[in-house]
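In: Sharing a model prediction with you, sequence too.
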Amino acid sequence: MHHDDMLARLVGQAGADGADLVTLRALVEEASELGAARALCRLGLDDAAARGDLSELRELLGAWRDAKRGAWRALLGWLLRAALALLLVGLAMRFGHPEWLR
C-alpha cells in the first residue's frame, strides 16, 4: 500500500474511532515515512544510487577538510621559517656581522 493511501486510511480511522494509542503511533510513523520520502525526492536522493552518492560526497568533504588543514599548516610553517630567518638577519646586523648575510 502506498504511503499516501495508508496515511489517509489512518486519519480516517483516527477520526472514526477516537484515535487510540496504536492508531496515533501508526499515523505518526506513516506521516514520518511520507515526509522523509518527499524530502529525499526533493533533494534528488530517491534513487538506488543515492547511498553511494552520499558516501562519495562525505569522502570528498573529508578530503577537502584534510587538504585545507594541510594547506594551513604549510602556510604557518613557512611564516614561522620566514620570521626566524628575519630574526637571524636582524641579529647578524645588530651584532655587526653583515658578512654572514652574503
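Out: Perfect, thanks for sending it.
In: Low-confidence stretches in this structure?
Out: 1-4, 15-19 (pLDDT under 70).
In: Next one: residue 63 from residue 52, what distance?
Out: According to Cβ to Cβ, to the nearest Å, residue 63 stands 16 Å off from residue 52. For every residue, glycine as well, the C-beta is placed using N, CA and C.
In: what's the answer for residue 36, then?
Out: Between residue 36 and residue 52 the computed distance is 19 Å (Cβ to Cβ).
In: same question, residue 92
Out: Noted for residue 92: a distance of 60 Å to residue 52, by Cβ to Cβ.
In: same thing with residue 27?
Out: Separation of residue 27 from residue 52 (Cβ to Cβ) stands at 33 Å.
In: Who has more neighbours out of those two?
Out: Set side by side, residue 27 and residue 52 show more neighbours around residue 27, with 18 against 9, by other Cβ atoms under 10 Å.
In: Contact partners for the more buried one?
Out: Under the criterion of Cβ atoms under 8 Å, 6 or more residues apart in numbering, the neighbours of residue 27 are 7, 10, 11, 14, 19.
In: Walk me through the domains of the protein.
Out: Annotated domains of the chain cover 1-46, 49-101 [the TED database].
In: Out of the ones you listed, indicate the one that is most buried.
Out: Most buried of the domains of the chain, by mean neighbour count (mean count of other Cβ atoms under 10 Å): domain 1-46, with a mean of 12.
In: how far does that domain sit from the chain's center?
Out: Distance of domain 1-46 from the chain centroid (Cα atoms, centre = their mean, to the nearest Å) equals 29 Å.
In: Fine by me, thanks again.
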